[in-house]
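1. below: sequence and its predicted model.
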Amino acid sequence: MQPTVKLYETDAACRRFTARVLACEPAPGGWRAALDATAFYPEGGGQPCDTGALGGVTVTDVQLRGGVVWHTLEAPLPVGGTAEGVLDWARRLDHMEQHTGEHILSGTLHRLFGAENVGFHIGRPAVRMDMDRPLTAAQLAQAEAEANAAVRANAPVRAWYPGPAELAGLPYRSKKELAGPVRLVDAGGADLCACCGTHLARTGQVGQIKILSAQHYKGGVRLAVVCGGRAQAAVAEAWADAEATGALLSAGPGRLAPAARRAQEAAAETKQRLVALQRALAGALAAAAVPGAPFAAYCEGADADGLRRLCLAVAARTGALCAVFAPGGRGLAYALTAPGQDVRAVAAALNAAFDGRGGGSPEVCQGSLAAGGYEAARTFLLSGPNKP
Ligand SMILES: [Zn+2]
């Protein structure tokens with residue numbers, strides 16, 4: 001099989017072409033066809049393959065094997081005839097935006113901090129970039145700013161095969177030792193790297209480069225990056241989120257953090273007041289309770305801690321069964337105690353009678369009831385025929 005002429009190497013803007021079908025055979029996924037030339041980029045170098053149509057048949061995968069580009073097809077094509085190839089251009093353009101942006105950012109990180117890119121993959125929703133050393137937030141911000149300056153400079157991007165003498169004199173980045181002819185990419189002066197992928201014609205077409213996140217990875221850092229249309233979408237999404245959050249906090253984007261801190265402080269203060277009020281209420285209820293008499297009360301507003309506190313305070317004075325209820329959980333939350341008695345059996349009976357859930361220790365049980373309501377639960381515990 002003769003090697004396929006790689007139209008995507010010499011003309012990355014080619015989205016429609018005609019070629020001769022040299023072979024077509026059954027293959028996993030349907031059929032696979034080889035042409036004398038193709039603009040379909042085969043998966044490789046971190047860039048996913050192109051998709052589209054060949055002779056009107058859908059192309060689902062493209063792979064390079066021994067110099068031949070194989071196109072996976074849903075149906076066979078006649079061998080010996082010509083076929084028109086049409087690329088899914090939105091997909092390819094997105095890949096070129098991400099890939100060219102990655103070159104500019106990798107080259108900038110290398111120039112500024114000596115960081116090497118040791119892993120790259122155009123995934124979704126972001127591009128993954130693995131750098132070989134730790135980088136601070138300030139270093140990443142500087143690199144992002146300088147990479148975007150290179151985008152705005154709108155310099156030409158060039159890919160070519162230098163001769164051995166020229167190659168020997170060029171300080172290019174490469175992930176591995178390369179055998180055979182080396183294809184270099186000069187990303188507008190921001191990067192010089194061995195690469196087999198497809199790129200935009202000028203850096204300005206990248207539009208924008210945005211680092212979304214950075215995390216420690218194998219002694220270095222793993223970046224999630226978006227470029228071009230993806231960067232625009234990410235900024236729009238983040239801005240809409242900031243505006244929605246701002247409406248909740250009565251603060252505009254840019255002033256969200258102090259507003260969120262004030263809301264947190266207010267919530268903590270309210271919580272402290274609730275705890276103090278529950279303590280005071282526990283003291284008042286205990287003072288009014290009759291020693292030796294079972295007790296039940298409904299305390300709207302009490303939280304789970306409050307129910308427990310109220311219950312224990314009253315029982316300490318009465319020495320008898322004590323139950324306190326409040327809205328919560330499955331409907332009606334409760335805390336139960338009965339000094340000198342394993343209260344778990346009482347809780348189990350209450351749960352069984354009113355579709356409840358919950359339990360605890362022999363001393364205190366807590367849970368909630370879905371059915372019945374407070375009056376029914378009170379009657380059940382204190383005076384009903386099922387009184388425990
Ligand atoms: Zn490249």
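-> It's in. Keep in mind that what you see is a predicted model, and the values were worked out from it rather than measured.

2. count the neighbours of residue 240 for me.
-> Residues contacting residue 240 under the criterion other CB atoms under 10 Å number 11. Glycine gets a C-beta too; all of them are placed from N, C-alpha and C.

3. same question, the one 3 residues further on
-> Around residue 243 there are 12 other residues, counting by other CB under 10 Å.

4. what sits opposite residue 323 in the beta ladder?
-> Counting by DSSP bridges, residue 323 is bridged to residue 296, residue 336.

5. my guess is it meets residue 311, correct?
-> Yes: with contact defined as CB atoms under 8 Å, residue 323 reaches residue 311; the gap is 7.0 Å.

6. excluding covalently adjacent residues, which one is nearest to the residue of the stretch 51-200 of the chain found nearest the ion?
-> Ranked by CB to the ion, the top residue of the stretch 51-200 of the chain for proximity to the ion is residue 195, at 3.2 Å. Nearest non-adjacent residue to residue 195, counting by CB to CB, 6 or more residues apart in numbering: residue 185, 4.4 Å away.

7. where are the low-confidence patches of the stretch 201-350 of the chain?
-> By pLDDT under 70, the stretch 201-350 of the chain has no low-scoring segment.

8. picking that back up, name the residues contacting each of residue 323 and residue 311.
-> By CB atoms under 8 Å, 6 or more residues apart in numbering, residue 323 and residue 311 have these common neighbours: 335-336.

9. let me see the ranges of the helices in this structure.
-> 7-10, 89-113, 137-153, 164-168, 228-249, 256-288, 304-318, 344-353, 374-382 (DSSP state H).

10. buried deepest among the ones you listed, which one?
-> helix 89-113 (a mean of 23; mean count of other CB atoms under 10 Å).

11. ok, back up a step: distance to the ion for the helices of the chain - can I get that in JSON lines?
-> Shown next, in JSON lines, are those (distance: least, CB to the ion, whole Å):
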{"stretch": "helix 7-10", "distance to the ion": "11"}
{"stretch": "helix 89-113", "distance to the ion": "5"}
{"stretch": "helix 137-153", "distance to the ion": "15"}
{"stretch": "helix 164-168", "distance to the ion": "16"}
{"stretch": "helix 228-249", "distance to the ion": "14"}
{"stretch": "helix 256-288", "distance to the ion": "38"}
{"stretch": "helix 304-318", "distance to the ion": "58"}
{"stretch": "helix 344-353", "distance to the ion": "65"}
{"stretch": "helix 374-382", "distance to the ion": "70"}
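
12. need the ones you listed in a markdown table (columns: distance to residue 50).
-> Listed next are those as a markdown table, based on distance: least, CB to CB, whole Å:
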| stretch | distance to residue 50 |
| --- | --- |
| helix 7-10 | 8 |
| helix 89-113 | 5 |
| helix 137-153 | 24 |
| helix 164-168 | 28 |
| helix 228-249 | 17 |
| helix 256-288 | 41 |
| helix 304-318 | 58 |
| helix 344-353 | 62 |
| helix 374-382 | 67 |
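
13. let me see the domain layout of this protein.
-> For the chain, automatic domain parsing gives the domain ranges 5-87, 93-246, 270-382.

14. turn those domains into a markdown table, columns for distance to residue 263.
-> Below are those laid out as a markdown table (distance: least, CB to CB, whole Å):
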| stretch | distance to residue 263 |
| --- | --- |
| domain 5-87 | 43 |
| domain 93-246 | 11 |
| domain 270-382 | 11 |
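
15. those: which one's closest to residue 254?
-> Closest of these to residue 254 is domain 93-246, at 8.1 Å (criterion: CB to CB).

16. now do the closest one: distance to the chain's middle.
-> Distance of domain 93-246 from its chain centroid, counting by CA atoms, centre = their mean, to the nearest Å, is 20 Å.

17. show me what stretch 11-24 is in contact with.
-> The contact list for stretch 11-24 (CB under 8 Å, 6+ apart) reads 1-2, 7-8, 31-39, 55, 73, 76-87, 89, 92, 96, 159, 198-201.

18. rewinding a little: didn't the residue of the stretch 51-200 of the chain closest to the ion look like it was pressed against residue 159?
-> Yes: the criterion here is CB under 8 Å, and residue 195 meets it with residue 159 at 7.3 Å.

19. identify the contacts common to the two.
-> Common contact partners of residue 195 and residue 159 (CB under 8 Å, 6+ apart): 183-185.

20. intersect those residues with the contacts of the ion.
-> residue 185 (CB under 5 Å from the ion).

21. can I get the shared contacts of residue 195 and residue 159 in CSV including pLDDT and neighbour count?
-> Putting the shared contacts of residue 195 and residue 159 into CSV (pLDDT from 0 to 100; neighbours: other CB atoms under 10 Å) gives the following:
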residue, pLDDT, neighbour count
183, 94, 18
184, 95, 19
185, 96, 23
